[in-house]
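Asks: task: produce atomic coordinates for the following.
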Amino acid sequence: MKKLLIIAFAVVLASCNQTKVAYVDVEVLMKDYEGTIALESKMKEKQEAKAKELDSLTAPFQAKVQNYYKSAQSMSPQKRAEAEGALQQEQQFIQAQQQQASQELQTETQESYEAITKVVDSLVGSYAKSNGFNIIFGTSGKGTVMYGDENLDVTKQVLEMLNKEYSK
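Replies: Here you go, the predicted structure:
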């Protein structure tokens, strides 16, 4: 009888300490988060501005190349070698500028996404604490959480909280 009472007590005790679990679809969260949308728009503008800046270097270079090909036949071998050397240097400069611009944009994008991820993680933690969750899993499409009851999906609530916080 004592054993049965101890087992019943253990079952009651275990049911009182159940872990409250939920999950968030990270893909949906990041796609619909206003902070991510604003970042993508900002980075697109920067990319277009850099492209225009680089076009201002490449257009005159292309004109110089065209002129070189038009007049190369009438140049002396020494003059042709000098012109080719100058064009090659200018081309290398332009390529270096393109590579630097690409690297800068990539670095800025990565740092910005890391900052957004920190904000999202922090707000998910706050949401979990304020709603009594012990664990909130992050899933991406059909990845980490193979099955989850739709009642455990708190993506919409977290997204609303994120967007409300972002609009402040």
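Asks: all contacts plus neighbour counts: C-alpha atoms, from now on.
Replies: Fine.
Asks: and Glu160, what does it touch?
Replies: Glu160 is in contact with no residue at all, counting by Cα atoms under 8 Å, 6 or more residues apart in numbering.
Asks: before we move on, what about Glu90?
Replies: Phe61.
Asks: and what of Tyr23?
Replies: Contacts of Tyr23 by Cα under 8 Å, 6+ apart are Ile136, Phe137, Gly138, Thr139, Val145, Gly148, Leu152, Asp153, Val154, Thr155.
Asks: now do 10 Å
Replies: Counting by Cα atoms under 10 Å, 6 or more residues apart in numbering, Tyr23 touches 135-139, 144-145, 148-155.
Asks: which strand or helix spans the residue positioned nearest the centre of the chain?
Replies: In the chain, the residue lying closest to the centroid (Cα atoms, centre = their mean) is Tyr113, at 4.3 Å. Assigned by DSSP states H and E, Tyr113 belongs to helix 77-130.
Asks: just checking, next helix/strand downstream of that helix?
Replies: Past helix 77-130, the next helix or strand by DSSP H and E is strand 135-139.
Asks: give me the buried positions along that following strand.
Replies: Buried residues in strand 135-139, defined by neighbour count with 16 or more other Cα atoms under 10 Å: Ile136, Phe137, Gly138, Thr139.
Asks: wait, isn't the third one in contact with Ala22?
Replies: Translated: Gly138. Yes: counting by Cα atoms under 10 Å, Ala22 is a contact partner of Gly138 at 8.9 Å.
Asks: many thanks, have a good one.
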